[in-house]
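Student: Below: sequence and its predicted model.
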Amino acid sequence: MSGRRDKQISLWKQAILETTSGAHPRSLLEEGLGVHVITAWNPGGIVSDLERNREADDVLERALGDLGVRHIRTTGRSAENTWREEGWSLVGSNRELALALAKRCGQVAIYEFSPSQSRIIICDSGEVIDF
């Protein structure tokens, strides 16, 4: 792993994820079904302006609605609140669907939560990082 990649993974692991209720996405687990957290903001890890991020988020939200995926607004941010992104917790989704949507939005990684695991999944390789 490169130093830059290690730093990025460390930041992802330390991110604070909150649903609109202020709860962690893990609280959305139902009957053993997984939760995936994805975003359309800042594709490729390159910071976009607010208007472009909101437009991309609107496209993602429409796609989730069209697919009938239960989704809850979720925000990811750094502990210092120097970085923040809006996204969605997909409740009861599967990894393949979450990855496909994230890839379509140009994302580098997604979060995956199950009753016993917290993971980061790298979109292009499918690499699983437990944390």
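Tutor: Structure's in. What do you need?
Student: quick one, helices of this structure?
Tutor: 3-14, 50-67, 95-104 (DSSP state H).
Student: mind checking which of those is nearest W88?
Tutor: helix 50-67 (6.3 Å; Cβ to Cβ). No exception for glycine: its C-beta is placed from N, CA and C like everyone else's.
Student: Work out which residue lies at the spatial centre of this protein.
Tutor: I38 (2.7 Å; Cα atoms, centre = their mean).
Student: who's that one bridged to?
Tutor: W88 (DSSP bridges).
Student: Turn the helices of the chain into JSON lines, columns for mean neighbour count.
Tutor: Shown next, in JSON lines, are these (neighbours: other Cβ atoms under 10 Å):
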{"stretch": "helix 3-14", "mean neighbour count": "12"}
{"stretch": "helix 50-67", "mean neighbour count": "14"}
{"stretch": "helix 95-104", "mean neighbour count": "17"}
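Student: Hmm, A98 and the residue nearest to the centre of the chain touching each other?
Tutor: Yes. At 5.6 Å, I38 counts as touching A98 under the criterion of Cβ atoms under 8 Å.
Student: Quick check: neighbours shared by the two?
Tutor: 90, 110 (Cβ atoms under 8 Å, 6 or more residues apart in numbering).
Student: ranking the helices of the chain by mean pLDDT, which is last?
Tutor: Across the helices of the chain, helix 3-14 has the smallest mean pLDDT, namely a mean of 92.
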